[in-house]
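[1] sequence-free structure coming up:
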């Protein structure tokens, strides 16, 4: 039976904070109800034991390694489909809409992250601290009353009482960061009725009231299929249609995705042997060959590629070249910085990726080499043939502001 929010606290529909569904995917099986006198005499440990048994018992609970729930989510007066994934120990992905705007929250595989169109960006970003602290607390499959140690929580029994006029057993969960939650159990079934505590709302902490109902058995455990929650002026509803237990979920599902524009460059990351072909900036100049080694590291969730390239210069002196490969999502252009230790000059190249080729120049970056009494020398780099088995980088120079270009170097990267 679905729970009705008291009319005195009813609010307009608004978004779901993930902490409100922290208990949504815990399981249970009904235990015989105690008498009133037995209830009054129960200790904290006895209450927790009955709660775990009601959820199906620890053996069945711990057998749940992963979950996939689908259904309908209502927020900002809009109802839309959602998919929620969980995997032990603390991984979660919540794919939903806040009103009509897409929102994806990910926890447990590196930095917490989200794609949140309410921030007017359609790419993945690190989740702010207050949101991460509260929203990712719900990533653990077992709630704090089932697994206090895993949550780092101290559980205390307040005693019999009521919640919104209904009889309840009240407990508190105090986390290591000082967060305190109030949990209310049905005194007959020992299932959770409600959770009151802090949650996050767009970077600020607010007080949340969440109710659980419509418990159904899935794979030997019981789970709430209807969760209703309120905080501040917001109200949201999670209606679960189905839950799949122990689906195969790759850890990559929960990780912050590589920015879309950088995915074509992802194969650059690795350790490479580099064949170098170079000549003077004259078409008739002879080519000479040498070799070097390159290490390219992916950082910032794939948003930046950092290269250290070491080779011998024309006089046999070791040269170290540092490059950084990135994409400016705001201006929609690729950008590469190049720093060579022999002249301590930083060049910046900008350009675009077309037909599998990344072409960038320093024509508009103000970083071309300018020597007194000489023409300004611009450079153009072209990256092509990108794949797991290597790629090619060509460097051209121009002394007429890009009217003509002369190929002066070709770097062939191979494993």
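    Sure thing, it's come through. Since we're looking at a predicted model, the values are computed, not measured. Residues are numbered from 1 along each chain as shown.
[2] check which helix or strand residue 249 maps to.
    When elements are assigned from DSSP states H and E, residue 249 belongs to no helix and no strand.
[3] surely it and residue 66 touch.
    Yes: checked against CB atoms under 8 Å, the pair residue 249 and residue 66 is within contact range at 4.9 Å. Glycine gets a C-beta too; all of them are placed from N, C-alpha and C.
[4] common neighbours of the two, please.
    85, 87 (CB atoms under 8 Å, 6 or more residues apart in numbering).
[5] for stretch 330-341, which residues meet the burial criterion?
    334, 335, 336, 337, 338, 340 (16 or more other CB atoms under 10 Å).
[6] who does the first one bridge with?
    Just to be clear, that refers to residue 334. Per DSSP bridges, the residues bridged to residue 334 are residue 327, residue 351.
[7] contacting residues for it?
    Neighbours of residue 334 in contact, by CB under 8 Å, 6+ apart: 261, 325, 326, 327, 328, 350, 351, 352, 353, 358, 360.
[8] PyMOL command for the buried members of those residues?
    This is how PyMOL selects the buried members of the contacts of residue 334, with burial counted by 16+ other CB under 10 Å:
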select buried, resi 261+325+326+327+350+351+353+358+360
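[9] next, count neighbours for residue 285.
    Counted with other CB atoms under 10 Å, the neighbours of residue 285 add up to 12.
[10] unless I'm mixing things up, it is touching residue 397, no?
    No: distance between residue 285 and residue 397: 11.7 Å, which falls outside the contact criterion (CB under 8 Å).
[11] which residue packs closest to residue 203, ignoring adjacent ones?
    Counting by CB to CB, 6 or more residues apart in numbering, residue 203 lies nearest to residue 128, which is 5.2 Å off, once chain neighbours are set aside.
[12] how about residues contacting stretch 170-179?
    44, 47-48, 133-134, 137, 144-145, 148, 151-161, 163, 180-185, 197-198.
[13] mind listing which of those are in helices?
    44, 47, 48, 133, 134, 148, 151 (DSSP state H).
[14] please name the nearest non-neighbouring residue to the fifth one.
    Excluding its sequence neighbours, the residue lying closest to residue 134 (CB to CB, 6+ apart) is residue 200, at 4.2 Å.
[15] one more: residue 115?
    Nearest to residue 115 is residue 104, by CB to CB, 6+ apart, at 4.4 Å.
[16] the one you found should be in a strand, yeah?
    Yes: with DSSP: H, G, I helix; E, B strand; the rest coil as the criterion, residue 104 is part of a strand.
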